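1. could you work out the structure for the sequence below:
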Amino acid sequence: MTLEIDDQTLKAIHAHGEEAYPEEGAGFLLGKSDPGRRRVVSILGLTNAREDAARHNRYLLTAADYLKGELEADRQGLELLGIFHSHPDHPNRPSEFDREWAMPWFSYIITSVHHGQAVESLSWRLSDDRAAFVEEIIQVISHQ
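-> Residues are numbered from 1 along each chain as shown. Predicted coordinates:
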């Protein structure tokens with residue numbers, strides 16, 4: 001599976017992670033899905049609802065956030081494709097905590113933010129048996 005995203009949307013994801021630093025930032029990926037490919041068209045950045053002491057290495061999106069994401073996707077004629085979040089001063093690999101809370105049908109873009117600067121983003125999909133994440137290829141499309 002390939003996840004297509006334009007460079008401006010990826011920059012917005014990076015900016016969200018940098019703004020949230022030193023805490024994790026998070027939000028929804030909105031777009032279109034076809035067999036074998038997904039295309040992120042926009043994002044919905046949200047406030048990390050996790051308690052203060054845990055925001056540096058955990059994020060929480062509430063039921064109200066999910067409703068907001070679904071309504072915004074519907075308003076734009078898009079689908080809720082997944083979640084993006086940042087890992088402050090940590091690699092952009094999913095944690096065990098990420099795996100426990102992930103859904104197999106979502107894409108998960110994780111951006112590593114070091115010393116307040118976004119470094120790199122990778123996308124992941126949880127296997128149907130929920131045993132492990134598999135890296136999803138990100139194809140960045142230049143927005144001209």
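
2. tell me the helix or strand right after the lowest-mean-pLDDT helix or strand in the chain.
-> Within the chain, confidence by mean pLDDT, DSSP states H and E is lowest for helix 96-101 among all helices and strands, at a mean of 92. Downstream of helix 96-101, the first helix or strand assigned by DSSP states H and E is strand 107-114.

3. contacting residues for Ala12?
-> Ala12 makes contacts with 43, 45, as judged by Cβ atoms under 8 Å, 6 or more residues apart in numbering. C-beta coordinates here come from the backbone N, C-alpha and C atoms, glycine included.

4. pLDDT at it, what is it?
-> Ala12 carries a pLDDT value of 98.

5. ok now the helix or strand encompassing it, how far from the chain's centre?
-> If you go by DSSP H and E, Ala12 is part of helix 7-20. Distance of helix 7-20 from the chain centroid (Cα atoms, centre = their mean, to the nearest Å) equals 10 Å.

6. angle of that helix against strand 107-114?
-> 50 degrees (axes from the mean of the first three to the mean of the last three Cα atoms, to 10 degrees).

7. immediately after helix 7-20, which helix or strand?
-> Helix 7-20 is succeeded, C-terminally, by strand 26-34 (DSSP H and E).

8. who does that following strand touch, helix- and strand-wise?
-> Strand 26-34 sits against helix 7-20, strand 37-46, helix 63-75, strand 79-88, with contacts defined as 3 or more Cβ pairs under 8 Å, 6 or more residues apart in numbering; DSSP states H and E.

9. could I get those as a markdown table with distance to Met103?
-> Below are the helices and strands packed on strand 26-34 laid out as a markdown table (distance: least, Cβ to Cβ, whole Å):
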| stretch | distance to Met103 |
| --- | --- |
| helix 7-20 | 19 |
| strand 37-46 | 14 |
| helix 63-75 | 11 |
| strand 79-88 | 9 |
